[in-house]
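Chemist: structure for this input, please:
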Amino acid sequence: MYAIVEIAGQQFKVEKDQSIFVHRLEGEEGSSVDFDQVFLIENDSKINVGTPLVEGAKVSAKILTHLKGDKVIVFKKKLRKGYRKKNGHRQYFTKILIENIKEN
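Modeler: As a prediction, this is how the structure comes out:
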């Protein structure tokens, strides 16, 4: 059984007992969160597609930890102009564990 769900503005294909990294979510570590924007549910090769959402469907997850991703270096340069800029960025992530997928 899997579902296509929107979490923090992005769509993910999730299954039960799967852990995924998503953009930073509000909430404490160990707390539970519910996502009700479910676009598709597959259960025993029976596919339920929403228009645009599946009514009554919900995905429950548990926040495991908050962390930062790897550093990404952004370097800009213009030839023969003496222009150089170096910036770094680390994205904030939340690791969540999918606990349950409810259909109706």
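Chemist: so what pLDDT did the nearest residue to Lys58 once chain neighbours are set aside get?
Modeler: Distances taken as CB to CB, 6 or more residues apart in numbering put Lys102 closest to Lys58, at 4.8 Å, once the chain neighbours are dropped. All C-beta atoms are positioned from the backbone trio N, CA, C, and that covers glycine. pLDDT for Lys102: 95.
Chemist: give me the neighbour count for Lys102.
Modeler: 14 (other CB atoms under 10 Å).
Chemist: please give the element, helix or strand, for the most centrally placed residue in the chain.
Modeler: What sits nearest the mean C-alpha location of the chain, by CA atoms, centre = their mean, is Val22, with 3.4 Å. If you go by DSSP states H and E, Val22 is part of strand 19-23.
Chemist: how about that strand, which residues are buried there?
Modeler: Residues Ile20, Val22 are the ones in strand 19-23 that count as buried (16 or more other CB atoms under 10 Å).
Chemist: before we move on, what about stretch 50-67?
Modeler: Those would be Val54, Ala57, Lys58, Val59, Ala61, Lys62, Ile63, for stretch 50-67 by 16+ other CB under 10 Å.
Chemist: show me how far it is from its chain's centre.
Modeler: How far stretch 50-67 lies from its chain's middle: 10 Å, per CA atoms, centre = their mean, to the nearest Å.
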